[in-house]
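**Student:** 3D, please:
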Amino acid sequence: MITFEVVGRKMLVHKACPEDERLKYRADIDVLRTIAVLGVVFFHAGFHIAFGGYVGVDMFFVISGYLITGKIEDEVGRGVFSFSTFYVNRARRLFPALFATVLLTFLLSFLLLASDHFKQFAQSAIWTALSASNIYFWTDSGYWAADNHLKPLLHTWSLSVEEQFYLAWPLGLLFLARFGPKYAPMALGVIGVLSLIAGVAYYSIDQEAVFFLTPFRVFEFAIGGLIVWLKRASKHHIRDNALSILGLCLVVTSMITFRPHTPTPLVIIPCVGTACMIYGGVVASLERAWNNPLAVYIGRISYSVYLVHWPVIVYYEYWRFNQIEPSERVGLVIASLLLAIPLHHLVEQRYRRGRADSRLNFAVAWGSLSALIVVTGLALSAMVKPAIQPLSDPWIIERVSRPLCEGGFGLCAVDHADVVLIGDSHASHYAPAVAETLKQSRVRGSFYPPMPSCPLLRDIHPNDVPVKAAECTRAKQEWLARLAQDQPRVVILAGLWEVGMARGFGRRYAFDVGQRELNLAEARSVWAEKMRETVDLLVENDRKVILMGNGPLVANPPSACFNRPAFLGRFDCSKMNVIVDPEIHAFTRGVLKRIESNEPTRVFFFDAWPYFCNGDLCALSDGGQTFYKDQHHLTPYGALWLQHHAFAGLSQFLAIALQNLARSPVN
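**Tutor:** Okay, the predicted model is just below:
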């Protein structure tokens, strides 16, 4: 996403402005860029004070809408606008530094990334070269998508939005200039309002689409474009100063208070703030402090800062394979600023301008380079194959590929089973272990259809778009109705309990009715209460309950350790990984233990934690095969390893709960 002016150090505005002169270079807009890019960098570096720093992207979109609209409107008014000149200048502005970044990340990804992550990177490079990475990352988002910190080119989504904006915006402005110039501001306003309404409406269907796709971002460019006409009003120092101060307050407040799960359409707040600051200009009393050389310079290199900062953070965290300290976060910010300097001066500025007769050569050169990136990305995507770790435990090897139901025992598709497993994707990953235990005990069980991101909890659910929230509520009702029908003796509940309370997840718990989202403090007390109520509901209906505790949410996926190239060293993956939010793990385990202690004969809590972790470090494997498919889901091997080493207490509880049971298997 990044917005960058096309006119160098001068900003052209329509020749009919009140002073009848074009506005000169405005250092305050470079300072706005500084605020925007530092907000993004501090957010990505993990500073809590800037959890809303991502709104810097939206600030860039507003600035871009203002500068590009002003330039096009001025040139059209003077009769000198040329599509070819506009697009070549845009390409000169964006592509050299972007392609230099992509080529360098190809090298670093080859040296550092595991094979599956390198394959994903190569695919993203293709879409980046085609100015469509926002579409790629939209299709690659969602619950099962790779962690964002494994995507070195993720930040290019905003550049693709910019580039798509550049394709359509000049056509629209030229059409308005020729067929209804006096209606241009109104048309921009209508387009912006429609874009915002579409974003608000579609947010309930697909949050990721509203975040990544250009149509839902048009209102931000339109806000900037409208300032071009508003600037023709007479100046009024008190009003302008008030607007600048108001705008700064809106932007800073957004950066401090917004969170990654804040609804995307609310970025209208920092967008309006940015527009107010552009319109009002610099507050006279703060001019010296505001337009200081350092702030202006960072704004001038902001494009290069934006390009380098995210790969720097991704590669460092990937190599570090550990939680980074505050001092390291500061170092990453400084490194991003320092690395941006040569990129800006040696690449970005070098190719930014050129002679008119060199346009064809430039287009051919950068078109060829783009094609090279696409071909290379396609070739490497096809060639690279993820490494497969050998299975190591013969007992598990013999069972890992078996079906969940054998001989009528295990988790079978039957009604009136004695044991049922209910929950979200964590119920799915525990299914091989539960099935093996039931088969060994010759017990019939059933696995109710799981619902991702939806554990069985009374009245609350991990918040997602309303459509999925409604599906979760419906799934819980169906589970309870089926329990009343099947009358099982034992109910096994599994879920990613921590999801609605862990800082590492965007989703939060929300009430089923009313959809009000809980903050972190509320979520803890409400979850504990609803967890107890859910167990009480089952126990009161004469059922025994097994609560499946989670293994840790680990900071790194297994392939980042097992399959990483030897360059710069490897780690012993059987002994280390860092826990994400250990405090919330301790809280959920404590609540589940207390529920068990209150009903020791009717509730059993299986605590997976001691078998995986030693202090703040958790094993990814038994020395051979990985336990995890990602950062919190177990592989079938990992689940069966737990069953083999840790299910003795669970099996004993089941045996007591099902004593005197004599049923024939159902074939």
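**Student:** so L113 touches L107, yeah?
**Tutor:** No - here L113 lies out of contact with L107, judged by CB atoms under 8 Å, at a distance of 11.0 Å. Placement of C-beta: from N, CA and C, glycine included.
**Student:** comparing those two, which shows the higher neighbour count?
**Tutor:** Neighbour totals were compared for L113 and L107, and L113 leads with 27 against 9 (other CB atoms under 10 Å).
**Student:** distance check, R524 against L380.
**Tutor:** As for R524, its distance to L380 is 45 Å (criterion: CB to CB, to the nearest Å).
**Student:** domain ranges for this protein, per the record?
**Tutor:** When the chain is parsed with automatic domain parsing, its domains come out as 27-383, 405-657.
**Student:** any idea which of those domains gets closest to R399?
**Tutor:** Proximity to R399, assessed across those by CB to CB, is greatest for domain 405-657 (5.8 Å).
**Student:** low-scoring stretches of the stretch 551-667 of the chain, by residue?
**Tutor:** In the predicted model of the stretch 551-667 of the chain, residues 566-576, 624, 660-667 satisfy pLDDT under 70.
**Student:** go again using 90 as the cut-off
**Tutor:** Low-confidence segments of the stretch 551-667 of the chain, defined by pLDDT under 90: 551-585, 609-633, 635-638, 658-667.
**Student:** with the stretch 51-200 of the chain instead?
**Tutor:** Those would be 51, 73-85, 87-93, 107, 110-120, 140-150, 173-185, if you go by pLDDT under 90 across the stretch 51-200 of the chain.
**Student:** if you set the cut-off to 70 instead, what comes out?
**Tutor:** Within the stretch 51-200 of the chain, the segments meeting pLDDT under 70 span 142-146.
**Student:** tell me where it has helices.
**Tutor:** Using DSSP state H, counting those that start in this stretch, the helices of the stretch 51-200 of the chain run over 55-78, 83-112, 115-129, 133-139, 157-179, 184-202.
**Student:** return the most buried member of the ones you listed.
**Tutor:** Stretch with highest mean neighbour count among the helices of the stretch 51-200 of the chain: helix 55-78 (a mean of 25; mean count of other CB atoms under 10 Å).
**Student:** centre-most residue in this structure?
**Tutor:** N148 (5.5 Å; CA atoms, centre = their mean).
**Student:** so that residue touches L154, yeah?
**Tutor:** Yes - when contacts are counted by CB under 8 Å, N148 is listed as touching L154 (5.7 Å).
**Student:** tell me where the stretch 401-550 of the chain has helices.
**Tutor:** Under the criterion DSSP H, counting those that start in this stretch, helices of the stretch 401-550 of the chain are mapped to 425-441, 466-486, 520-540.
**Student:** out of these, which gets nearest to L248?
**Tutor:** The minimum distance between L248 and the helices of the stretch 401-550 of the chain falls on helix 520-540, with 28.3 Å, by CB to CB.
**Student:** helices or strands next to the closest one in the packing?
**Tutor:** strand 460-462, strand 490-494, strand 509-511, strand 544-548, helix 582-598 (3 or more CB pairs under 8 Å, 6 or more residues apart in numbering; DSSP states H and E).
**Student:** how about these in TSV, adding distance to L32 and mean neighbour count?
**Tutor:** Formatted as TSV, these follow (distance: least, CB to CB, whole Å; neighbours: other CB atoms under 10 Å):
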stretch	distance to L32	mean neighbour count
strand 460-462	37	27
strand 490-494	49	25
strand 509-511	35	21
strand 544-548	51	23
helix 582-598	37	17
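**Student:** can I get the ones you listed in CSV including distance to F83?
**Tutor:** Output for the helices and strands packed on helix 520-540, formatted as CSV (distance: least, CB to CB, whole Å):
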stretch, distance to F83
strand 460-462, 48
strand 490-494, 58
strand 509-511, 48
strand 544-548, 61
helix 582-598, 54
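**Student:** of the ones you listed, which is nearest R444?
**Tutor:** With CB to CB as the criterion, R444 lies closest to strand 490-494 of the helices and strands packed on helix 520-540, at 11.2 Å.
**Student:** sheet partners, orientation included, of the closest one?
**Tutor:** strand 419-423 (parallel), strand 544-548 (parallel) (DSSP bridges).
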